[in-house]
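1. I need the structure of the sequence given here:
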Amino acid sequence: MFRISPERHNFLYLFAGLVLFMTVLPVVADVSRVADSLVTELSLTLVLLVGVWSLEGNRWVFRSGLALVIAAAILNVSYFVWPQDWTVYAIKALSLVFLLLSAAITFRAVFLAGEVDLNRLAGAASLYLIIALIWSLLYSLLYAADPRSISGLPAHPSLWDCLYFSATTLTTLGYGDVLPLSAAARTLASVEVVLGQFYLTILVAALVGMHVANRGSGSR
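-> Numbers count the residues shown, from 1 in each chain. Below you'll find the model as predicted:
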C-alpha cells in the first residue's frame, strides 16, 4: 500500500504548486488583464521557489537552482520598475534553465530504485507537468522570435496561452484552435507529443516493476 514518508514528501508540495499554477492562477489572471503580467511572473517565481526546496537533497543543485530563482526574482522586480522587453525574455530563459534542471533531478528521483510511495508518484506527476511548462516557455520564446510560427494565439500571448497549447499537445488532445506553422514549431510540437507518450509508457512499466520487486523482496 502506498504511504507518505514523514521525512521526505517534497514532491507532494511541488505537485500541489504546479497544479495551482496551471489551474487556479490562469483564471485569476484572466479576471484582471491588467494584473495578468504581475500574476504570471510572481506565480512562476513562487513555483520555482517550491522547486528549489524540492531539490534540497543535492547541495550543488540546490545552490544552482536558488541562484537562478534569485536572478529571476531580481529581473521581475526590475521589470516592474523599468519595463524592458529583454527582461521578460531573460526571465523566461532563466526559468527554462531551472525547469530543465528540476526535470533532470526529478527524473532521477522517480526512476531510482526504491519504495513506490505517494511522494514518488507525486514526483512522477510533477515531472509530467514540468514537461508541459518547459514546452510552454519554448513556444513563448519561439512566438516572440517569429509570431507567424504558431497560429491561433492572441497578438500578445501570455504564458497561460502557451501553456494551454503545450498541455493539449502533450496529452495529444489537439483541439486544433492553435496550430504550429513553422518548421521549428512543428518540430517542437512533434517532440513534445513523442516525449509525453514515451514518458507515460516508461513510467508505468518502471513503477509497476519497482512495486513488484519491492513486494517480492519484502515477502522473503
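2. centroid residue for the protein?
-> residue 130 (2.3 Å; CA atoms, centre = their mean).
3. which residue packs closest to it, ignoring adjacent ones?
-> residue 103 (5.0 Å; CB to CB, 6 or more residues apart in numbering). Glycine gets a C-beta too; all of them are placed from N, C-alpha and C.
4. my read: the one you found touches residue 129, true?
-> No - at 10.2 Å, residue 103 does not count as touching residue 129 under the criterion of CB atoms under 8 Å.
5. And those two? Which one has more around it.
-> Using other CB atoms under 10 Å, the more surrounded residue of residue 103 and residue 129 is residue 129, with 20 against 17.
6. The closest residue to that one other than its chain neighbours: neighbouring residues, count only.
-> Counting by CB to CB, 6+ apart, residue 18 is the residue found nearest to residue 129 once chain neighbours are left out, at 4.4 Å. Residues within reach of residue 18, counting by other CB under 10 Å, total 22.
7. Equivalent analysis for residue 88, please.
-> 20.
8. Kindly provide the distance from it to residue 141.
-> 10 Å (CB to CB, to the nearest Å).
9. before we move on, back to that, confirm the residue nearest to the centre of the chain sits in a strand?
-> No - per DSSP: H, G, I helix; E, B strand; the rest coil, residue 130 lies outside any strand segment and is helix.
10. so it touches residue 101, yeah?
-> No - when contacts are counted by CB under 8 Å, residue 130 is not listed as touching residue 101 (10.3 Å).
11. Low-confidence stretches in the chain?
-> 1-8, 28-62, 65, 76, 79-80, 83, 113, 211, 214-220 (pLDDT under 70).
12. longest helix anywhere in it?
-> For the chain, the helix with the greatest residue count under DSSP state H is helix 183-218.
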